[in-house]
Structure formats: structure tokens, C-alpha cells
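K.L.:
okay, predicted coordinates and the sequence, questions at the end:
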Amino acid sequence: MNQEEKYQKYALCREMLETPELIRNFNVPHLDRFLKTSSASEDIFLTGEGSSRIFPAKRAIAQSLMKGEKTRFFTEGSTQAMEYMLMNKPVFGSSNSGKTKELIRLFHQLNRDNHPDLFAVTATKNSALESLSKETYVLSCGSENAVAATKSVAEQALFYDALRAALEGKTLDGLNPLAKAVDQALSMEIDPAVIQLIAQADMIYFSGRNNGVAEELTLKTNEITRKKSDFLEGTYGAHGIEEVMNPGDILIIVDPFEEEEAKFLECLTDGVGVQIISIAPRKTSFAHSLVIPEAGDFQNYVELAAGWNLLVETGLSLGIDLDTPVRARKVGNEYTPESN
């Protein structure tokens, strides 16, 4: 993906390509407004719907556990979260529009219960979500015209990264190298044979860690390529689903566990005939490897960008109008005062 007209005519591609600059300039003014309450709690709850939650929240949880940080992060969709006892922990709700129905309903409930620490992460000023929140971080990326959220997903994740770092008494460093690596992943040329494999697939499976990357790409597959997809967490792909897989299916594995590659080949490639494509900073034992730059603790952003690139090329090869989905909506379930 680059500055050529075939990409630039789509808001989706332009917004993806704006992500490196967004990362390079990322800064949260007045982060301390979110810290006083958050630092006093051992637990923080992150909620929202779809892309606003999957990658930002699950990356925060995975990274926090990997680093052994003192603050524990949890996440759930906003409707299920209404069944949880959240009064003893800060709640961060993320919604680009600031009017996602499920999240607004949860914040209304928590306000009625006099929850003191509700925080918003949104791209929209003066939104319904902001009116229900103690403090609001308004994304600097602005609104997105494409139906599929992309650069905003990266900024929401960066906000949680900055919050996690501050809670540990640190600052968020290394964004310039990350921006360069994301730019490289977005613009890397992909073997046309790999694109054709995905374009011709009946079903596209994604596999990877429960850090939001593969799951978010699974959602983006529906929006960008209009193909069916499914997310197989961890090593789920080697635990029975091969029974319903077909030789025309494709599995894309993000940063595969090296010690499990042989099992995936045995079960899925040799056993079913499924072709496997990996996205990782190394060449894997699978038939097709997309080798991406290394970015240390920020590797997930590079993986996500490489996946976007892969899906855009697939969508274009299928002749899809990337900005005009048939059924998907920008705000999946929109709040109105009458719907509360």
C-alpha cells in the first residue's frame, strides 16, 4: 500500500497510511487527570464494543501480564459488564463516536449507582459518552470516514499504553522506531500468489495470541474482503476444528508459537490441505511467511499494520469498493436518548 491512486481513492487506505504519523506525534496532554484515581486502584476495567475494545484492551491486558505490572487490567463487552460488580475499580469506556449504545447504557447504569470513576476515550467532542464521564481523552486522529476503524484503534491502544507506563512510573518511549516499522509493514510488497490464495479462500481463519491482533484482523476481514472469517485463539486450531475445515480454507497465524508449528502443519496442512500464512518477524516453517520488522514491546502494532496491508490487497484483487460495505455500519449500534 502506498500513495498510488488505486489506494488513495479510498478513505480506508488513507487512514491506515496516516497511522505512522499519528504514532510519531502521539502525546496525551494532562494524563495526570486519569492517574490519580487509577493509581489508587489495583484493578482497571476496560470496555467498549468491536474494534474500540478488541485490540486496545486485550493488548493492554497481555502486555501488563507479560511485564508483571502491579495494576491488573480486565475487559468485557459493555452489556455483559452490566452484570459485573465494577464499583470498586475505575472503568474506561472507548467509543469513537461516543454514542455506542451498549457502552452508554452501561455508563448510565454506573452513574445511577454513583460510580465515581468513569473515563471516556473517544474521537468525538461533547459526546453522550463524555457527558457521563469524569474525564475524557479525545483522540487526536479525528473522525474516520471509512467504515472500518483503523488509525483510531492504534491511538486507543497507545492511550492505554501511556496509562500503563505512567502507572509504573515510566514514560512511553520508542514511538519513532515504531512509526517507521508500522510504515514499513503497511507499504511492504506482498507476493501476489499469497493474495490470490486468500482471495480464493472459502473461509479465512486467523490464529494468534489473545492480545487482540488476530481477533481484530478477523473482524477487519469481514469489513474489507467481505469474506467469512473466524478467530482461533492460541493453539485452538490444533484442537478439533480441523474436523470442519476444508482444503479451500486459509489460516493466517500471527506470531506463531515456534514449538507448535509442526503440530499445525500435521493437523491442518497435511491433515486437511489448509494453506498457512504467517505474519512474524522471522521466516516460519509454513508455506508462506510475511516477514515484518521487529518493534520490541510494540510488535503488536506492526503485526496489525501488516494484516491491514494483506486485507487491503485482497479486497482490491476482488474488485471490492473498500469504502462502501453492503451491510456494515460506522456505528454498529447507535445510542439515542429514546433508546436508553
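P.N.:
Sure, I can see it.

K.L.:
so where's the stretch 201-340 of the chain uncertain?
P.N.:
Counting by pLDDT under 70, the ranges of the stretch 201-340 of the chain that qualify are 326-332, 335-340.

K.L.:
can you give me the strands in it?
P.N.:
Secondary structure of the stretch 201-340 of the chain (DSSP state E, counting those that start in this stretch): strands at 203-208, 228-233, 250-254, 275-280, 288-291.

K.L.:
for the residue positioned nearest the centre of the chain, what are its contacts?
P.N.:
The residue lying closest to the centre of the chain (C-alpha atoms, centre = their mean) is Phe55, at 2.9 Å. Phe55 makes contact with Val153, Gln156, Ala157, Gly212, Val213, Glu215, Glu216, Asn300, Leu304, according to C-beta atoms under 8 Å, 6 or more residues apart in numbering. Backbone N, C-alpha and C define where each C-beta goes, glycine included.

K.L.:
could you rerun that using 6 Å?
P.N.:
Phe55 makes contact with Val153, Ala157, Gly212, Glu216, according to C-beta atoms under 6 Å, 6 or more residues apart in numbering.

K.L.:
among the strands of the stretch 201-340 of the chain, which is nearest Ser127?
P.N.:
Comparing these against Ser127 with C-beta to C-beta, the closest turns out to be strand 228-233 (29.4 Å).

K.L.:
circling back: can you lay out the strands of the stretch 201-340 of the chain as JSON lines showing distance to Ala146 and mean neighbour count?
P.N.:
Formatted as JSON lines, the strands of the stretch 201-340 of the chain follow (distance: least, C-beta to C-beta, whole Å; neighbours: other C-beta atoms under 10 Å):
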{"stretch": "strand 203-208", "distance to Ala146": "20", "mean neighbour count": "24"}
{"stretch": "strand 228-233", "distance to Ala146": "18", "mean neighbour count": "16"}
{"stretch": "strand 250-254", "distance to Ala146": "21", "mean neighbour count": "26"}
{"stretch": "strand 275-280", "distance to Ala146": "22", "mean neighbour count": "23"}
{"stretch": "strand 288-291", "distance to Ala146": "23", "mean neighbour count": "18"}
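
K.L.:
nearest to Glu42, out of the ones you listed?
P.N.:
In terms of C-beta to C-beta, the element of the strands of the stretch 201-340 of the chain nearest to Glu42 is strand 228-233, at 26.2 Å.

K.L.:
now that closest one, how far from the chain's geometric center?
P.N.:
14 Å (C-alpha atoms, centre = their mean, to the nearest Å).

K.L.:
just want the angle from it to strand 250-254.
P.N.:
When axes from the mean of the first three to the mean of the last three C-alpha atoms, to 10 degrees is applied, the directions of strand 228-233 and strand 250-254 differ by 40 degrees.

K.L.:
which other helices and strands contact strand 228-233?
P.N.:
In terms of contact count using 3 or more C-beta pairs under 6 Å, 6 or more residues apart in numbering; DSSP states H and E, strand 228-233 is assigned the packing partners strand 203-208, helix 213-225.

K.L.:
nearest to Val254, of these?
P.N.:
With C-beta to C-beta, the closest approach to Val254 among those belongs to strand 203-208: 3.5 Å.

K.L.:
quick check: can you name the pairing partners of that closest one and their directions?
P.N.:
Partner strands and pairing direction for strand 203-208 (DSSP bridges) are strand 228-233 (parallel), strand 250-254 (parallel).

K.L.:
residues near Arg162, how many?
P.N.:
Actually, residue 162 is Ala. It isn't Arg. Residue neighbour count, defined by other C-beta atoms under 10 Å, stands at 20 for Ala162.

K.L.:
can you pull the contacts of it?
P.N.:
In this structure, Ala162 makes contact with Val28, Leu172, judged by C-beta under 6 Å, 6+ apart.

K.L.:
may I have the phi/psi pair for Asn2?
P.N.:
Here the main-chain torsion angles of Asn2 (degrees, to the nearest 10) amount to phi -150, psi -150.

K.L.:
next, Phe92: secondary structure please.
P.N.:
Classification of Phe92 by DSSP: H, G, I helix; E, B strand; the rest coil places it in strand.

K.L.:
surely it touches Leu46?
P.N.:
Yes: under the contact definition of C-beta atoms under 6 Å, Phe92 touches Leu46, with a separation of 5.1 Å.
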